[in-house]
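>>> missing the sequence, but the structure's below:
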């Protein structure tokens, strides 16, 4: 029995060693300026990350594409180091601060260090230091590409008026503003239990009686929502287009009620998923085919012309990035700059 147990332990130990060796086995080696292996484990980690985000297993051809991207990144980093292109700590810190600022805008305040770390991990699956390292690598590759292929990027020109007009003529059937209203709203939140809903219904009915059809009283009630323990919220709810997406988000009753009112009119209480609402229409706009001088979206200052110009410019810039990237990859892959071990791709 003792010999059998020892034999089993040896077998299990050997199996574990084989698995570890498989993980550490090189699936490719990049050697533009130095030998840098890509292990099976590193490739598997990237593949599994993409499979989680895509919700399906990658095919063998797709796994090979992931490996190609990893090879290209390492080639670019080695080339950047060879040509003395660097990213300073100040540049990294500035980029990280921009990320934190964007997060702060979404939550209405600057995030704490802990909140930022949690957000980074949830979004990328990595800790802040790993995120910082990956960010440095991506910034280095981008900077090297911009310097190495400067001529391609300098050749990009601002779209001409004729290009804008031609694009407008091709897309003007899609440039339509639907019937739209601007809504001021009073919301009385309702809880999940019957008692909370009853109290919310009692409050909204009382507010509706006090307001009646008087627009001035509605505005006064909105202002009173800011007082402590008012029990309700109030303010400008923005622009509401009459389309399927709005109806799916807010419900047919809310949308139909909003578009049955004239400017300045006040609704009866409306029951919604968040509670009870009373709304007043402050602006109304009929459906319109947008001209080049119209704003692309109500509430913004960007005209259709500016929107199309920006869109065309982004397309040109992306085409330049694609061309520059392809040229650089082709150049870096020449000669004996890397080697792939096809057998290691099968796991």
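Sure thing, it's come through. Keep in mind the model is a prediction, meaning the values are calculated, not measured.
>>> before we move on, which element is residue 95 in?
Secondary structure assignment for residue 95, by DSSP states H and E: helix 89-107.
>>> Show me what the mean pLDDT comes to for the very next helix or strand once past that helix.
As assigned by DSSP H and E, the chain's next helix or strand after helix 89-107 is helix 113-124. Averaging pLDDT along helix 113-124 yields 90.
>>> how distant is helix 113-124 from the center of its chain?
Offset of helix 113-124 from its chain centre (CA atoms, centre = their mean, to the nearest Å): 15 Å.
>>> who does the helix or strand hosting residue 138 touch, helix- and strand-wise?
Using DSSP H and E, residue 138 sits in helix 128-148. Applying 3 or more CB pairs under 8 Å, 6 or more residues apart in numbering; DSSP states H and E, we find helix 128-148 packed against helix 60-82, helix 89-107, helix 113-124, helix 304-332. Every residue, glycine included, has its C-beta placed from N, CA and C.
>>> Any buried residues in it, and which?
Neighbour-count burial for helix 128-148, counted by 16 or more other CB atoms under 10 Å, picks out 128, 131-132, 135-137, 140-141, 144-145, 148.
>>> So what touches the helix or strand following that helix?
Per DSSP H and E, the first helix or strand lying C-terminal to helix 128-148 is helix 150-154. Residues from elsewhere that reach helix 150-154 (CB atoms under 8 Å, 6 or more residues apart in numbering): 146, 317, 320, 323-324, 327.
>>> just to revisit the earlier point, in TSV: the buried residues of helix 128-148, plus pLDDT.
Listed next are these as TSV, based on pLDDT from 0 to 100:
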residue	pLDDT
128	91
131	93
132	94
135	94
136	96
137	95
140	97
141	97
144	97
145	97
148	97
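>>> Which member of these is positioned nearest residue 289?
residue 145 (41.0 Å; CB to CB).
>>> my guess is that closest one meets residue 76, correct?
Yes - applying CB atoms under 8 Å as the test, residue 145 and residue 76 come out as touching, 7.3 Å apart.
>>> Touching both of those two, which residues are there?
Joint contacts of residue 145 and residue 76 (CB under 8 Å, 6+ apart) are residue 328.
>>> Can you tell me which of the contacts of helix 150-154 are buried?
Buried members of the contacts of helix 150-154, scored by 16+ other CB under 10 Å, are 320, 324.
>>> farthest-separated two in the contacts of helix 150-154?
Using CB to CB, the pair of these lying farthest apart is 317 and 327, separated by 15.7 Å.
>>> Quick one: end-to-end length of stretch 242-258, please.
9 Å (CA to CA, to the nearest Å).
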